[in-house]
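*Asks:* Here's my sequence, what's the structure:
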Amino acid sequence: MSMQLSGGGGGGGRRRRRRRPQPMSEINVTPFVDVMLVLLIVFMVAAPLMTVGVPIDLPETRATALEGDVEPITISVNSEGQIFIQETEIPLDEVVPKLEAIAANGYDERIYVRGDQDADYGIMMKLMGRINAAGFKRLGLVTLEERDS
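*Replies:* Numbers count the residues shown, from 1 in each chain. Next comes the predicted model:
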């Protein structure tokens with residue numbers, strides 16, 4: 001008594017199998033490119049807004065811009081004489097200890113001083129004198145390019 005297994009009713013004994021859908025082996029990069037282009041546009045618009053946030057009316061000059069690889073430490077003095085390191089207000093006596101604590105390159109760190117054109121000249125000179133006396137020699141003043149009037 002032998003048993004034969006057949007695939008159903010009659011026919012040739014062979015049953016057609018349905019093929020399972022094969023996974024797509026190609027990567028669709030279109031959504032990825034779309035997202036990258038949107039991010040590029042967002043960062044292009046947002047980049048100019050990422051500057052130091054202390055509102056200062058800078059004076060104008062004909063000096064050329066300084067070249068630099070590393071982002072410098074920025075100290076700002078507003079028209080009321082308040083001193084800021086990046087965006088944090090600091091009393092004049094605490095400026096040098098804070099600079100020494102955050103200067104990654106030690107006394108070779110580039111420091112930019114942004115002073116409002118209406119800021120007291122005496123405060124600006126005291127600030128720069130103390131920074132220079134502490135040993136920081138790479139000081140720069142930030143200005144706007146002078147416009148012909």
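
*Asks:* for the protein, which spans come out with low pLDDT?
*Replies:* 1-16, 24, 49-59, 61-70, 145-146, 148-149 (pLDDT under 70).

*Asks:* Where do the helices of it begin and end?
*Replies:* Taking DSSP state H, the helices of the chain run over residues 30-46, 95-102, 121-133.

*Asks:* Quick check: phi and psi on the residue lying closest to Tyr107 once chain neighbours are set aside?
*Replies:* Of all residues not flanking Tyr107 in the chain, Gly135 sits nearest, at 4.3 Å (CB to CB, 6 or more residues apart in numbering). In this view, the C-beta of every residue, glycine as well, is placed from N, C-alpha and C. Phi and psi for Gly135, reported as degrees, to the nearest 10, are phi 120, psi -10.

*Asks:* Pull the number of nearby residues for Thr143.
*Replies:* Residues lying near Thr143 (other CB atoms under 10 Å) number 16.

*Asks:* Kindly tell me how buried Ile90 is, as a neighbour count.
*Replies:* As a measure of burial, Ile90 has 17 neighbours, counting by other CB under 10 Å.
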